[in-house]
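Enquirer: give me the fold of what follows.
(3 chains)
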Amino acid sequence: MLSFKDIRQGLLVALWFIFLTFPLLVIKINPIENSVNWRWLNMVYVGSFSFLIYLITRMVMARKLERQKKIKLGLVKEKVAWSIKLFSQPRLYLPLLAAVAVFFLLFPGLFSTYQVNIMITALMYVVLGLGLNIVVGVAGLLDLGYVAFYAVGAYTYALLNMHFGLGFWTVLPIGGVLGAIFGILLGIPVLRLRGDYLAIVTLGFGEIIRLILENWSSFSHGPSGISNISRPGFFGIELSLEMSIVYMYYLTVLMVLFTIFVVNRLQDSRIGRAWFALKEDEIACQAMGIDKMKTKLTAFSLGATWAGMAGVMFAAKTTFINPASFTFLESAIILCIVVLGGMGSIVGVIVGALVLILMPEYLRAFSDYRMLAFGAILVVMMIFRPQGIIATLRRTYTVKGDLE
Amino acid sequence: MIFPRKTLSILAALTIGAALAAPAFASDTIKIGVAGAHSGDLASYGIPTMKATELVVKDVNAKGGINGKMLEVLAEDDVCKPEVATNTATKLVSENVNVVIGHICSGATKAALPIYRDANILVMSPSATTPDLTQSGDYPNFYRTIAADDAQARTLVDFTTGVLKMTKIAVIHDKGDYGKGLAEYVRTFIEQGGKAKAVLFEGVTPGAVDYSAVVQKIKRSGAEAVIYGGYHPEASKIVGQMRKKRMKTAFLGPDGVKDDTFIKVAGDKAEGVYATGPADVSKNPITQKFHKAFIEAEGTEPGAFFDNALSAAIAMTNAIAKAESTDSAAIAKVLHTETADTPFGAIKFADNGEPIGIGFVIYQVKDGVYQQVQ
Amino acid sequence: MEYFIELLFSGLTRGSIYALIALGYTMVYGIIGLINFAHGEIYMIGAFTALVVSTALTIYGFPLLAVVVLTALAAAVWAASYGYTIERLAYRPLRSAPRLSPLISAIGMSIFLQNYVLLAQTSDFVPFPALVPEFAFMEPYAHIVGSSDMAILVVSALAMIILTCMIKYTRTGKAMRATAQDQKMALLVGINVDNVISITFITGSALAAIGGLLIASHIGQINFYIGFIAGIKAFTAAVLGGIGSIPGAVLGSFILGLTEAFATGYVSSDYEDVFAFSLLVLILIFKPAGLLGKATIEKV
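Expert: So this is what the prediction gives:
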């Protein structure tokens, strides 16, 4: 299967990577003691690794090509993606859904408080991902400053709780509304920008919000943050730590369910169809009589609403917030959740969030390498599966009966 | 939002029952949790603490443990992020640690403390210096083996106005939790003292490509001294650019600057820079013993907060031994009343958890090394 | 007045560094319409390669001039190789993918490269040798503008002139412009588009490496994270000037650098980034395609 040419090519690739990594991986200088340490072994590793990886990709590619050829010739039937197969048949997905539901319901009983705590974090990212999915996945607006609305929500709760003693349940809707207001305020001037200009402006906006929180100490307590934020109240009963974590867990699960419900309904609504249309073709969309500005603005502010509410939950969960939690990297991770999971697909975003947030937690053992692996996985995923883990299932209509 | 109350409460009760029942067996070791940044860009601040605790534990275990029980170290990484620190803390609590050494960064410590407080676990940080942690009274379970930022700011201001007799001071910070907090104390103390004036109060952006604009501003303000709040990378950039502009302004930094890396990075431009730091303890036999053990094990010099971490681990194990129990109230009583022999000498803790016997002194860079002034 | 001149130089220095990085962003965007998020990392890798090479050469006793020349060469060559490899690995397979896929790939690449350098070298700040000596003739002005500031201004001006000449007058430059205008058409008239894209990445990366080398030597220390902040700023500058336009990137960079310097000097450095980003938002509101970007009207 592997020709001589492939092996020669592989050797060339290995040589190239040896050259590429030579100054950084092989030479290790200690500028303080002015000494050089030659790590020749690394060179061997890099060479053999890149050689092997090249051959493996080659083989995978060749097999894929072969398959496509056969499909073209009609020898083999095109394989339907397993996710599509799964979701098109209630007989298959209903039991699975039930199993997932039972798993999540019993989760706190099955695992330690620590696992529950991590799961809460992951579920919060599900909410964030679903919120951003409205903006990026459904309406096709690239937002790199989503974390700003998250920060707005978190600080809303922290400040209202600190100054006025308002509880979680009161602030949750306020946080959502404030998120929406900020979304509209930012949206009005910038939404006429297209594509990448919109991306950089939202990125800038995210940074501005963070910097203001950092510098305006009298308002936000600056970089030292706000501590002692109340956990959500449970009908006035004082809860122990484990209890309140479990309580928080169920709240988050409810929040996720609520989000899924709303987002799902939205996508099927008139406005949802308008968003999809806008993403596909702006000009055609306008020609059809859809108010471009209004449609974009609703997408933007609805996405921000969810970020605001997730922010309130975040503040209630950690009980301490500071501006360092709302950096650009956070926006990038949420965006990765959406794209990696499968843009526009609700199940995809959920899977994406669980994978991206839980993976680094369980990769703790390789703590030094986990971010390296994270970056590499993003690249590899995009190359081999650009549509995401679970691609969007667009509603298709089949005409029953004979057309002729 | 509407949800079925009854089902939820029943479910919650059920699951919690299950969760609590599982780990309720008595352990035969005393577990010491170590939390801090063990990976990522701030790992160099967290790893020495982990190593120090391990060395102390090894030492205690070699002597037969405490009351016949061996000590065990459970290290958890919080990468210095508050949101991760809460997970770390929950993990340590669910693993039933008896005491915790950590966390390293103030923000992470602040986020994690309520969790330990609710679980009634004592925490001792070798490096979290935010005054709030002890002064707010919110965290009776918190101790530290490093002096707080306000004490440090006081030392810096007293030295600048009292010893150096300078009257115009520029206060610069790195906008961070530690740096800005410290700088604000410095400004307050300068104003309270009345001997000098803070002519400039500015934050620089860490990682910016160039600081010359801020340096020019310092120059224009006519400041005789710069008091900087922050860590050594930015400090060496600012000092470097000041000296390049041929400015002779004195430069004073906090313990974040009193790091040998600062001198090595800034080179000859570091000459004359002042920095506060804990008193020199390298002559203390306890320090020497553990430093030697560290160098034998790792082959390098121990890093930041190593001595503070040694002190924390020694004070903690000592208190557990003297209390003859792992009950938090008993340990706390010993910590407050009896002294422990640490690298910093015999220390005990005030009611609010501040160490008694650990203070700050001023160092100055002379001939490429930090030397104690006074 | 002297204060004003000092700030002016400070702004120009910043601006030139931004420009060297922004050119790479704008060239890549102009040709394949991709925000190359990993470009800031190339700048960082250039600086690190320079550090490794210069330290090693100094230890083995090379004279200063040889060290400077070889270091600059090595930084440019290796950064260019990284740029080329990244394009081949992470972007070329995605050329026909949805618009967001290459962007995520770029973000992933950026995270990967940062951690690669962190693991291969160190997570600490490391001192960088001053490759530009303190010129004696600059001494009377040293309190206003240093030798290394001057070196940054001169070298980046030279680099920009060379780049402009290359794009205006050489065959490669012509091919680049043609590809930027219309890739399919360029293919039809016999331009090897793949090669042109590779050359774009190589040129952009080499420029960024020069920028990394200059600023590292100016500020005296580097770590694995320097590329991120500089990259975001340079990208902002490129958008400010109109992304895809080469004079726009230079103009945007200088405007950004000067804004930051004067905002720091006359207002407060607490809000220097707020000023920078607010300026960007303001300009884009009134000129949605940036200062020199052409507003394209889409015809159907």
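
Enquirer: okay, strands next: where are they in the stretch 201-350 of chain B?
Expert: According to DSSP state E, counting those that start in this stretch, the stretch 201-350 of chain B carries its strands in the segments B:225-229, B:250-253, B:274-278, B:340-342, B:345-349.

Enquirer: oh sorry, the question was meant for the stretch 201-300 of chain C
Expert: Assigned by DSSP E, counting those that start in this stretch, the stretch 201-300 of chain C shows strands spanning C:221-222.

Enquirer: what stretches of it score poorly on pLDDT?
Expert: Applying pLDDT under 70 to the stretch 201-300 of chain C flags residues C:295-300.

Enquirer: report the helix or strand with the lowest average pLDDT across chain A.
Expert: helix A:82-88 (a mean of 69; mean pLDDT, DSSP states H and E).

Enquirer: packing partners of the next helix or strand along the chain from that helix?
Expert: For helix A:82-88, the following helix or strand on the C-terminal side (DSSP states H and E) is helix A:90-110. Helices and strands touching helix A:90-110, by 3 or more CB pairs under 8 Å, 6 or more residues apart in numbering or on different chains; DSSP states H and E, are helix A:82-88, helix A:113-132, helix A:241-268, helix B:5-21. Where C-beta positions appear, they are placed from N, C-alpha and C, glycine not excepted.

Enquirer: ranking the strands of the stretch 201-350 of chain B by burial, who's on top?
Expert: strand B:225-229 (a mean of 27; mean count of other CB atoms under 10 Å in any protein chain shown).

Enquirer: show the average pLDDT along the helix or strand C:L118 falls within.
Expert: Element membership of C:L118 [criterion: DSSP H and E] is helix C:100-120. The pLDDT scores in helix C:100-120 average 88.

Enquirer: distance from that helix to the middle of the chain?
Expert: 17 Å (CA atoms, centre = their mean, to the nearest Å).

Enquirer: quick check: next helix or strand after that helix?
Expert: Counting by DSSP H and E, the next helix or strand C-terminal to helix C:100-120 is strand C:126-127.

Enquirer: give me the buried stretch members for the very next helix or strand once past that following strand, please.
Expert: Next helix or strand after strand C:126-127 toward the C-terminus (DSSP H and E): helix C:147-169. Within helix C:147-169, the residues scored as buried using 16 or more other CB atoms under 10 Å in any protein chain shown are C:147-153, C:155-156, C:159-160, C:163, C:167.

Enquirer: also stretch B:241-261?
Expert: Residues of stretch B:241-261 classed as buried: B:241-245, B:247, B:249-259, B:261 (neighbour count, 16+ other CB under 10 Å).

Enquirer: which of those residues fall within helices?
Expert: Per DSSP state H, helices hold the following members of these: B:Q241, B:M242, B:R243, B:K244, B:T261.

Enquirer: include pLDDT when you put these into TSV, please.
Expert: As requested, those are exported to TSV (pLDDT from 0 to 100):
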residue	pLDDT
B:Q241	87
B:M242	89
B:R243	88
B:K244	84
B:T261	79
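
Enquirer: and which of these is nearest chain A?
Expert: B:T261 (7.4 Å; CB to the nearest CB).

Enquirer: that closest one contacts C:D124, doesn't it?
Expert: Yes: between B:T261 and C:D124 a contact is recorded at 6.7 Å, counting by CB atoms under 8 Å.

Enquirer: next up, the contacts around the residue nearest the centre of chain B.
Expert: Centre of chain B computed as the mean C-alpha position; nearest residue by CA atoms, centre = their mean is B:S127, 0.9 Å away. Going by CB atoms under 8 Å, 6 or more residues apart in numbering or on different chains, B:S127 touches B:Y45, B:T49, B:I104, B:C105, B:R144, B:I146, B:A304, B:F305, B:N308, B:A309.

Enquirer: how close does it get to B:Y45?
Expert: Distance check for B:S127 against B:Y45: by CB to CB, to the nearest Å, it reads 7 Å.

Enquirer: got it, and A:G176?
Expert: Counting by CB to CB - A:G176 and B:Y45 are separated by 38 Å.

Enquirer: quick one on the thing from earlier: deepest of the helices and strands packed on helix A:90-110, which one?
Expert: Compared across the helices and strands packed on helix A:90-110, helix A:113-132 shows the largest average neighbour count, a mean of 25 (mean count of other CB under 10 Å).

Enquirer: that one vs chain C: in contact?
Expert: No: shown here: helix A:113-132 not in contact with chain C (CB under 8 Å from any CB of the partner chain), separated by at least 11.7 Å.
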